[in-house]
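Enquirer: After the sequence you'll find the predicted model.
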Amino acid sequence: MTTSLTSIAHNVAHRALIYLHDHQDTDIFPENIPVEPDDPDTVYKPVSEIGMAAALVLREGVGGTAQLRAARELIDSTWRKLREGDLLYERQVRNCLLTDPIEVYCHFTYGGHRHRALEQLTAHNAAVRSMPEVYPNRRLAVANAYRMCGMSTDDDWESLLRATWLGATPPPWAIDWDTAYSVTHTVFHVTDWGARPGDLPPDIADYLATWLPVWTDVWAEVGDWDLVAELLIVDASLPEPRFDLDVWTRFAAMQHDDGLMPRDGEPVDDDRVRRFWDHHHATVVAMVAGTLAVSRLLDTGR
Amino acid sequence: MEGLLVPVNVERLQVSLADAAAEVADRVLGAVGGAEDIGLADYVHTGADTTTVLGAVRLIGADVFAPHVLLGRPVHRDDAAVVARSFTVYPPTPQPTTRQQHVTAWRDWAVGRLLARTDETSPAGSDAAPTPETAAALLDGAKTWQEWSATAAQLSPLALPGVGGPIVAAVFAGMRPLARGVTRAVLRRDFVTAARLIRWMALSSSNGVRQPLDPVLLVERIRLYGGTGSRLALDLAISRVLLRMEPA
């Protein structure tokens, strides 16, 4: 079973990586569209997420030569789209309280990309300790970003975690779609994207081990593959992942031949550009889920 | 001749099995929540189709004894006779083989067991205990929690004090799949299934079994978020008594 699951997860990650790698051209990202338009969610966020996923492939290093080369090319091309970090730096200079520049930047450091001026700014901001008010799981994202960059902060991880929905371990039936995403991100940041499973307190790890299968089942049933992918990352980040072969098999079966992972059960458009912009997020998440699952499966020898 | 005809309620002429089961559930619910008798015999005698009503009694199963086992109310002799008769009209499967037949056999067994507490003689077959192996097969710990909880929901009429036996013991040993099943049902807004499973939580809780979830909150959740229907209302009412909650 382990072999087949490793193979399934590897294929999901590999095909998603190839898809994203093959969609970095000017048809998808026209030169005249600024990466940072008025709404940062349109291009800036997707580019950053693709860079992060590529960074995680490099960090885990569990792919073959071709896969690692594709990940290297992908992180380099997204770094160029961020103007080698100048875009992040300029955002930070204009808005000293923004936290996204450091959150994006920290992943690129895994790819060897550094921006000294940005690091000086963010180190200074960390020392000033003027944190904007954000959702508790977002606050963990900032804490993890500083940790990834090796910048010391006096963050109290336990109290940051306990301020989240997950940290309070509410009844698992009193969750909704948005909060399910909050749960996943709380785990991503506390465990540094699956690198520190032991940082989840035992009661939280037990809570997730008990209820994650239910949430995964419920959202798989309605074909919410984007959220299912996020929940699979959570599973791979637990001290004892479940690695449910049935769920992984159903999830992998949804992936298109070119590697696109549909975000939901709705029909996927035929237009290449439209397909990318509709489904890039689910594909990014699938790539991370597959990568972390393979890595943990090899680590644990399961 | 006209004077000899008993006035007939037209609505009762047009009764379906589902309607009859809802009526029986309502009568049990009234007895659990109030002071009146179930009046099964009365319902059979005034109903349009005795066979349909007896089928409904079989569907509701051991729950017709809920006022007796939960609140110590006496079982009216005529009502016990109706239960016994339902087994004559719908005899148990002599040799259950399929999963569904085993579920039904255990439900029948529970009825027979509680019927035996009355003066009524249990009809042949209703109190014959299925083998403990079939209980283990139905609620095997190796099953997925989805299968396990679906079976536990079908066996919910056994979630009454005084039934006992291997099914109850097997469910008590499965608090985790039970809680997962309840959570799944609530998230899918399948409140009927959720209420059935909550009965098991309520019964095990009243027996001191540790729960992963608070059944009191779940009972209120379903009541307040759209749980309706006679069957569901009866399941919730039984859970409330088991959990010593105030009547809704």
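Expert: Yep, that arrived. Here the structure is a predicted model, which means the values were calculated and not measured.

Enquirer: Let me see the contact set for whatever residue of chain A ends up closest to chain B.
Expert: Residue nearest to chain B within chain A: A:Trp173 (4.0 Å; CB to the nearest CB). Yep, even glycine has a C-beta here, placed from its N, CA and C like the rest. The contact partners of A:Trp173, by CB atoms under 8 Å, 6 or more residues apart in numbering or on different chains, come to B:182-183, B:186-187, B:213, B:218, B:221.

Enquirer: A:Lys81: which of those residues is nearest?
Expert: Ranked by distance to A:Lys81 (CB to CB), these are led by B:Leu187 at 39.0 Å.

Enquirer: how about stretch B:154-164: buried residues?
Expert: Buried residues in stretch B:154-164, defined by neighbour count with 16 or more other CB atoms under 10 Å in any protein chain shown: B:154-161, B:163.

Enquirer: ok, and which of the contacts of A:Trp173 reach chain A?
Expert: Among these, proximity to chain A is found for B:182-183, B:186-187, B:213, B:218, B:221 (CB under 8 Å from any CB of the partner chain).

Enquirer: quick one: which helix or strand includes the residue of chain A closest to chain B?
Expert: Of the helices and strands defined by DSSP states H and E, none includes A:Trp173.

Enquirer: quick one: it from A:Val214, how far?
Expert: Counting by CB to CB, to the nearest Å, the gap from A:Trp173 to A:Val214 is 8 Å.

Enquirer: do A:Arg272 as well
Expert: Per CB to CB, A:Arg272 is found 37 Å from A:Val214.

Enquirer: One more: B:Arg189?
Expert: Distance, B:Arg189 to A:Val214, using CB to CB: 14 Å.

Enquirer: higher neighbour count, the two?
Expert: The neighbour comparison of B:Arg189 against A:Val214 (other CB atoms under 10 Å in any protein chain shown) goes to A:Val214, with 23 against 12.

Enquirer: which ones are touching that one?
Expert: A:172, B:180, B:183-184, B:187.

Enquirer: count of neighbours near the closest residue to A:His14 other than its chain neighbours?
Expert: Ranked by CB to CB, 6 or more residues apart in numbering or on different chains and with sequence neighbours excluded, the top spatial neighbour of A:His14 is A:Gln67, at 5.6 Å. A:Gln67 has 19 neighbouring residues, counting by other CB under 10 Å.

Enquirer: same deal with A:Pro213?
Expert: Neighbours around A:Pro213, by other CB under 10 Å: 21.

Enquirer: for the record, mean pLDDT for the helix or strand hosting it?
Expert: In the assignment (DSSP H and E), A:Pro213 maps to helix A:202-221. Averaging pLDDT along helix A:202-221 gives 98.

Enquirer: for stretch B:55-70, same thing?
Expert: For stretch B:55-70, the mean per-residue pLDDT is 96.

Enquirer: got the CA coordinates for that stretch in PDB?
Expert: What follows is stretch B:55-70, C-alpha atoms only, in PDB (Å, rounded to 0.1, in the frame of the first residue of the first chain):
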ATOM      1  CA  GLY B  55     -45.700  -2.600   9.500                       C
ATOM      2  CA  ALA B  56     -45.100   0.800  11.100                       C
ATOM      3  CA  VAL B  57     -44.900  -0.800  14.500                       C
ATOM      4  CA  ARG B  58     -42.200  -3.100  13.200                       C
ATOM      5  CA  LEU B  59     -40.400  -0.100  11.700                       C
ATOM      6  CA  ILE B  60     -40.300   1.800  15.000                       C
ATOM      7  CA  GLY B  61     -39.200  -1.400  16.700                       C
ATOM      8  CA  ALA B  62     -38.000  -1.400  20.300                       C
ATOM      9  CA  ASP B  63     -38.700   2.400  20.600                       C
ATOM     10  CA  VAL B  64     -42.400   1.600  21.300                       C
ATOM     11  CA  PHE B  65     -41.100   0.600  24.700                       C
ATOM     12  CA  ALA B  66     -39.100   3.800  25.300                       C
ATOM     13  CA  PRO B  67     -41.600   5.200  27.800                       C
ATOM     14  CA  HIS B  68     -41.400   2.000  29.800                       C
ATOM     15  CA  VAL B  69     -37.600   1.600  29.900                       C
ATOM     16  CA  LEU B  70     -36.800   5.300  30.200                       C
END
